[in-house]
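Colleague: my questions are about this predicted structure, shown below with the sequence.
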Amino acid sequence: MVRRTCIFSISLLLLAQTVAISQDTVTVPLHVRAGFDLSGPVMKLVNKDLISYGVAASADINSSLAVTAGFRYSSFSSSEVIYDFSSRGLSITAGTDYNFIKANVSGGKYYAGIGIRYGLSFYSEEAPMIRYTNEWGAGETYLALERHTGHYLEITPGVRTSLFPGVTIGWNLYMRLLISAGAGKDLKPVWMPGYGPGTSGMSTGAEYYISFSIPYRKIKVFIKPKVRDSGEEETEGGQEVPGTVTSGSGIRF
């Protein structure tokens, strides 16, 4: 009985070693994050016509993929020779982020990847004064306050790192593609909150986020181990040892 027990135990041990050789694992924490964009208040110092405050949240689905959502309040006003214009509103984005860093390197702390989001902009705009000149002369008109809903697509490559436990920092570049300004084919807003200049089909920029991060569970990720080529010759002290071949399981024969 004791002998059989020993044989069974040794068999389990050998089986466990075989599994460990054939597949390696790493434990990675999954996080939920919530943070705010620091670039908005900074841009206010550069451009007094624009006010923009953004917050974002994300939740890891696995070691590579996360779902994300963001909210942003923006207001813009501009006074030019030919018009006065103002707009304000709330934009909402939702999408996913993909991390290109492998789980055994990222460890749930580092991110370098790309995200894609769908955006909605709920905004109002008005132009109290519009000057125009045509063949009949010059004149003034205005655009009364109107409310619209705009649509756009956002692509965001970026990086993120852990500053210290519970806090992460990172930045995103963004490229926004206008789907519809919601104001009609021939009437484009000077500024569409959440998107940018509505007269352009694409807008670009950057956002810098600081976020609070909380791990909510841990998962094991299988990492493919490095396997030595069976045709590779062993060397000892820089000299080739003929006739020594290593199989994929690491056993010499």
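Modeller: On my side now, so go ahead.

Colleague: show me where the stretch 101-250 of the chain dips below the pLDDT cut-off.
Modeller: 186, 225-250 (pLDDT under 70).

Colleague: just the helices from it, written as ranges.
Modeller: 103-106 (DSSP state H, counting those that start in this stretch).

Colleague: P157 against W171, yeah?
Modeller: No - in this structure P157 lies outside contact range of W171 using Cβ atoms under 8 Å: 9.9 Å. C-beta: built from backbone N, CA, C; applies to glycine.

Colleague: bridging residues for M129?
Modeller: D84 (DSSP bridges).

Colleague: next: T156.
Modeller: Counting by DSSP bridges, T156 is bridged to G115.

Colleague: would you mind measuring from it to R33?
Modeller: Noted for T156: a distance of 15 Å to R33, by Cβ to Cβ, to the nearest Å.

Colleague: distance of G95 from T156?
Modeller: G95 is 8 Å from T156, by Cβ to Cβ.

Colleague: of those two, which one has the most company?
Modeller: Taking neighbours as other Cβ atoms under 10 Å, G95 and T156 compare with T156 leading, 22 against 19.

Colleague: residues in contact with the more buried one?
Modeller: D97, I114, G115, I116, R117, N172, L173, Y174, M175 (Cβ atoms under 8 Å, 6 or more residues apart in numbering).

Colleague: tell me the SS of K44?
Modeller: Under DSSP: H, G, I helix; E, B strand; the rest coil, the three-state class of K44 is helix.

Colleague: what about the residue nearest to I114 when sequence neighbours are not counted, distance to L178?
Modeller: Nearest residue to I114, sequence neighbours excluded (Cβ to Cβ, 6 or more residues apart in numbering): P157, at 4.6 Å. Distance, P157 to L178, by Cβ to Cβ: 19 Å.

Colleague: buried residues in stretch 74-85?
Modeller: By neighbour count on 16 or more other Cβ atoms under 10 Å, the buried set for stretch 74-85 is S74, S75, F76, Y83, D84, F85.

Colleague: list of residues touching the helix or strand hosting the first one?
Modeller: Meaning S74. Assigned by DSSP states H and E, S74 falls within strand 65-79. For strand 65-79, the surrounding residues in contact (Cβ under 8 Å, 6+ apart) are 37, 40, 49-61, 84-99, 115, 117, 123, 190-191, 193-194.

Colleague: among those, name the ones in strands.
Modeller: 37, 50-60, 84-99, 115, 117, 123 (DSSP state E).
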